[in-house]
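> quick one, fold the following:
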Amino acid sequence: MTPSPSTPTVPTASLTGFALAVWTLCQRELVRFFRQKNRVIGAFGQPILFWLLFGSGFGSSFRMPTENGQAMNYFQYYFPGTLVLIILFTSIFATISIIEDRREGFLQAVLVAPVSRFALVLGKVLGGSLIALAQGVLFLFLGLTIGISFSPWQLLAIVAYLLVIAVGLTALGFILAWRLDSTQGFHAIMSVFLLPMWLLSGAFFPASDNFLAYILLVNPLTYAVAGLRRLLYGLPFPELPSTSVCLFVTVGFAVFCLMIAAWSARRTTEGDLLS
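Got it, this is the predicted structure:
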């Protein structure tokens, strides 16, 4: 039977085109990343170097007692924070390509293509998130060398949680990069905003009873690090937020950043956030 002119066939075609655009942009990010070996070394090597140096330096003076009577060393305490730092570095560096694409004219070509702006956002965010997840999982297995163990189900939960963190941080990087027209401005934002955001997340040191405790309370990365710490060690950690609260805040942060990124993509791409 021949469909009438009013038969709704356009939405299916639109959905197919949307998925194709998302996958094409995502694949482009993956290919670009693995062709640039310096990005792999920079995003993965620096956090590991921090982990080794700080773990060795503070290892003899840091002991956190746990419920089973054993003490957690600094390598183990700092491990979830290093995981988040790897996700942060990889996600943020992946979104620098937005600035490069604008200079090369690729971004303008995508913007005039017959696809929605949200496809652009989702493709870039998904590509950066998968890259960050791959490096995070690779580092996760290094935890086996310091006595961290996890079951297959625990591993799946950690990987899923890392993906949510990666989506949120990549979308945040997209929001910042969309308003910038220079990589220098992007690195300045990273130095004065993103790195302090990570430092004040409980990744580097436990929360204390001072004004920093209030900063940790409103920092979304606090809940990302705390959730990873609970998933990795399965200990009570009474000073940390509960697993459900960590999951709620982390998912909410990812959804919120995606919404803001989609809204930003509908606006002009000119201008610098620092101007």
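
> for the protein, what spans make up the strands?
Secondary structure of the chain by DSSP state E: the strands cover 64-65, 71-72.

> these: lowest mean pLDDT?
When the strands of the chain are compared by mean pLDDT, strand 64-65 comes last with a mean of 56.

> what segments of this protein are helices?
For the chain, applying DSSP state H gives helices covering 10-35, 37-58, 74-95, 97-104, 106-111, 117-140, 152-178, 183-189, 195-198, 211-218, 220-233, 243-265.

> worst mean pLDDT among those helices?
helix 37-58 (a mean of 72).

> skipping its backbone neighbours, what lies nearest Val245 in space?
By the measure of CB to CB, 6 or more residues apart in numbering, the closest residue to Val245 outside its immediate chain neighbours is Tyr223, 6.8 Å from it. Backbone N, C-alpha and C define where each C-beta goes, glycine included.

> correct me, but that neighbour touches Thr250?
Yes: the pair Tyr223 and Thr250 passes the contact test of CB atoms under 8 Å, sitting 5.5 Å apart.

> who has more neighbours, the two?
Just comparing Tyr223 and Thr250: by other CB atoms under 10 Å the higher neighbour count belongs to Tyr223, 27 against 23.

> from Leu140, how far off is the more buried one?
In this structure, Tyr223 and Leu140 are 19 Å apart, going by CB to CB, to the nearest Å.

> in contact with the residue nearest to the spatial centre of the chain, which residues are there?
Of all residues in the chain, the one closest to the mean position by CA atoms, centre = their mean is Ala166, 2.6 Å from it. Taking CB atoms under 8 Å, 6 or more residues apart in numbering as the definition of contact, the neighbours of Ala166 are 87, 90-91, 128-130, 132-133, 136.

> one more time with 7 Å
By CB atoms under 7 Å, 6 or more residues apart in numbering, the residues touching Ala166 are 87, 91, 129, 132-133.

> distance check, it against Phe237.
Computed with CB to CB, the distance linking Ala166 and Phe237 is 23 Å.

> same check, this time on Leu126
Summarising the geometry, the distance separating Leu126 from Phe237, computed by CB to CB, is 32 Å.

> so those two - more neighbours on which side?
Under the criterion of other CB under 10 Å, the comparison of Leu126 against Phe237 puts Leu126 first, with 21 against 18.

> that one and Gln27 touch, don't they?
No: using CB atoms under 7 Å, Leu126 is not in contact with Gln27, being 9.8 Å away.

> the residue nearest to the centre of the chain and Leu172: what is the separation?
Distance of Ala166 to Leu172, computed by CB to CB: 11 Å.

> sorry, back to before: which member of the contacts of Ala166 is positioned nearest Phe193?
Ranking the contacts of Ala166 by separation from Phe193, with CB to CB as the measure, puts Ser91 on top at 14.1 Å.

> show me what contacts the closest one?
Residues in contact with Ser91 (CB under 7 Å, 6+ apart) are 128-129, 132, 166, 169-170, 173.

> could you report the neighbour count for the residue nearest to Gln76 when sequence neighbours are not counted?
For Gln76, ignoring the flanking residues on the chain, the nearest one in space by CB to CB, 6+ apart is Ile146 at 6.0 Å. The local packing count at Ile146 equals 12, with neighbours defined by other CB under 10 Å.

> and what of the one 3 residues further on?
Residues near Ser149, counting by other CB under 10 Å, number 9.

> what pLDDT is listed against it?
We have a pLDDT of 84 for Ser149.

> ok so, going back, return the member of the contacts of Ala166 nearest to Ala188.
When those are compared for distance to Ala188 (CB to CB), Ser91 comes out closest, at 17.7 Å.

> ok, the closest one to Glu239 distance?
When CB to CB is the yardstick, Ser91 and Glu239 sit 27 Å from each other.
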